[in-house]
Each structure stands twice: as C-alpha cells, then as structure tokens.
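Peer 1: Next one to model:
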Amino acid sequence: MKKIAILVSGKGTNMQHILQAIKNGILSNFIVNLVISDRWCNAIQYALKKNITAIYLKKKNNKLLSKEIDQIFVKNVPNMIVLSGFLSILDAKFCKKWFGKIINIHPSLLPKYGGKGMYGIKVHQAVLKNKEKISGATVHYVTKNVDAGDIILKKTCKIHSKETPKSLSKKVSIIEREILIQSIKKNF
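Peer 2: Residues are numbered from 1 along each chain as shown. All right, here's what the predicted structure looks like:
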C-alpha cells in the first residue's frame, strides 16, 4: 500500500474525493494515513471521524511549520504528499527534500493565475476580471517557487458570458477532483 499524507487548510473537499476514490477501488493501492493542517478546520474534523491520524499544527512562520511537518514525515514516511487547499507555503529546504513526492492542485491553468496570494475565489475573480475565455485546473509538483513546479496534468473548461466567480469555482472544482485522482494514479 502506498501511503498518502494530505496537507489541508479548509473544508478538505479534494481530500474527501481522494478517500472516496480509495473506497471505490479507483485508487486501490493507496491509503491516506495522515492529514496535517495549519489551522483548525473541517478537514481535520472529517479525518478524525474517519479514524485517520490528523494533526493540527498552529500556523507559524513557514520555516518552522515546514520543519515540524518534516519531523512528522521522518517518523511516518509517506509515499506521496498532496497539498489540498493548503494555504501555507513550504520552505525551500522542505521542498528539496521531498521533491518528486509533493503535488498540489491549483484552480487555474498554470502558469496563469498562480503564485503567492492566488488561491480560492481570488483566482476565479482574476480570471473573470481579465475576460478569459477558458479556465481550468492544474496538478503540479511542488517546488520552492509557488505554483511553478512541473505540470503533471491540467484540464480546461469554457467560461460563459454570465459566469460568476462562484459558478466558475464550482466548474473548476469538478475538474480538480478528476485530474487530482488521475494524477495520483498515473504518477505514483
């Protein structure tokens, strides 16, 4: 069994999709054995209900947080680390050590609308403000540069003339679920 550690900061929607894919046999050789959050959130509560080891690390500076996460991983080595709405930025040393094992899902077609401060609804607002015709989601490897790692998979969707940030978010969320599961299955 390949062990997945998931880093979260919010609802844990994509984490739940990973767990469902495991339950349904789509990711039959995987288990989520650890969930770590940088704030108390719904994802931590959900993981605890599912009897998954869940660790809440109070938000600190990125270097200290990265060091704490690394210490946890040294004791409980994951085959893969999935950033699923994780809002803290991991430091360069951590990214180098775990290079090739850390992936992130981002709600835009990277390299557009990525980088520090571009997350959640902010991404969709920027996409619509710039009158883009398409949007989508990207799964990429995590490096020291935010949202700049090699792309594993991305998928597009059309933007309609009456699209709102909320409606675009829902559309992109469906794509995120699909390509995240495909990326895990394909690359690990």
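Peer 1: Checking residue 161 next. Helix, strand or coil?
Peer 2: With DSSP: H, G, I helix; E, B strand; the rest coil as the basis, residue 161 sits in coil.
Peer 1: Got the phi and psi for it?
Peer 2: Backbone torsions of residue 161, given as degrees, to the nearest 10, read phi -60, psi -30.
Peer 1: Repeat that for the one 10 residues further on.
Peer 2: The phi and psi values for residue 171, taken as degrees, to the nearest 10, are phi -60, psi -50.
Peer 1: how near is it to residue 36?
Peer 2: For residue 171, the distance to residue 36 (Cβ to Cβ, to the nearest Å) stands at 29 Å. Placement of C-beta: from N, CA and C, glycine included.
Peer 1: neighbour count winner among the two?
Peer 2: residue 36 (23 against 20; other Cβ atoms under 10 Å).
Peer 1: Now do the contacts for that one.
Peer 2: By Cβ atoms under 8 Å, 6 or more residues apart in numbering, the contact set of residue 36 is 5-8, 54-57, 69, 72.
Peer 1: Just the buried residues of those.
Peer 2: Neighbour-count burial (16 or more other Cβ atoms under 10 Å) applied to the contacts of residue 36 gives 5-8, 54, 57, 69, 72.
Peer 1: Surely residue 35 forms part of a helix?
Peer 2: No: with three-state DSSP as the criterion, residue 35 is located in strand rather than a helix.
Peer 1: before we move on, what SS does the nearest residue to it once chain neighbours are set aside have?
Peer 2: Using Cβ to Cβ, 6 or more residues apart in numbering and skipping residues adjacent in sequence, the residue nearest residue 35 is residue 47, 3.9 Å away. Here residue 47 is recorded as helix under three-state DSSP.
Peer 1: so residue 47 makes contact with residue 11?
Peer 2: No: counting by Cβ atoms under 8 Å, residue 47 does not reach residue 11; the two are 11.8 Å apart.
Peer 1: quick revisit: let me know the closest of the buried ones among the contacts of residue 36 to residue 129.
Peer 2: residue 8 (27.7 Å; Cβ to Cβ).
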